[in-house]
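*Asks:* Generate a structure from the sequence data that follows.
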Amino acid sequence: MLDEIREKIETEIESLMKELNVELPQRIKIAMEHGDLRENSEYKAAKERQGFVEARLNHLTSRMTELSKIDVNEMAYDRVGFGSKVTIRDLDMDEDFTFTITAGDFIDLDGGQVSLASPIGQGLLGASEGEEVTVELPRGERRYKVLELQTLPQQLEESDS
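*Replies:* This is a model prediction of the structure:
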């Protein structure tokens, strides 16, 4: 999972660097050739995009730094945390859900991913298999039971076997 996240971030960084260093300077140069910059919407749009790209690159760089600090050996072996595959039962609706707890930038509910920063991710953080937790959601309180849990260290151990 860590390698997958690193790869996604690296791919986005590469794309943004190309845009920042190649595409945007060309757009800015062309826009400047049109004359008065005060009323030049192409120039303003390119400069705004440049600011966004720079901010996103800073964010992604800090995410890479955070990822490099994750030590799988320090992660709990039997508690929900980053990278855990979890099957829960919504005790109020009597429905089961299976998903993987991911980093904040990588949310794909249809793909079975829930962010660690989300209310469900935060509510389940530290829970163990068989435990019931109450999570405060925007629509109100929900009760879940952790039916199955496979932590990231367990998954890595299985893949090494």
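*Asks:* So, low pLDDT: which residues of this protein?
*Replies:* Within the chain, the segments meeting pLDDT under 70 span 1, 104-110, 159-161.
*Asks:* Try it again at 90.
*Replies:* Along the chain, segments meeting pLDDT under 90 span 1-9, 30-42, 59-77, 81-83, 100-121, 137-139, 151-161.
*Asks:* Determine the three-state secondary structure at Ile70.
*Replies:* At Ile70, secondary structure determined by DSSP: H, G, I helix; E, B strand; the rest coil is coil.
*Asks:* which SS class is Leu20?
*Replies:* Under three-state DSSP, Leu20 comes out as helix.
*Asks:* Am I right that it is in contact with Leu57?
*Replies:* Yes: counting by Cβ atoms under 8 Å, Leu57 is a contact partner of Leu20 at 7.0 Å. Where you see a C-beta, it was placed from the backbone N, CA and C, and this is true even at glycine.
*Asks:* Report the beta-bridge partners for Ser115.
*Replies:* The partner list for Ser115 in beta bridges (DSSP bridges) reads Thr102.
*Asks:* what's the neighbour count on it?
*Replies:* Close neighbours of Ser115, defined as other Cβ atoms under 10 Å, add up to 18.
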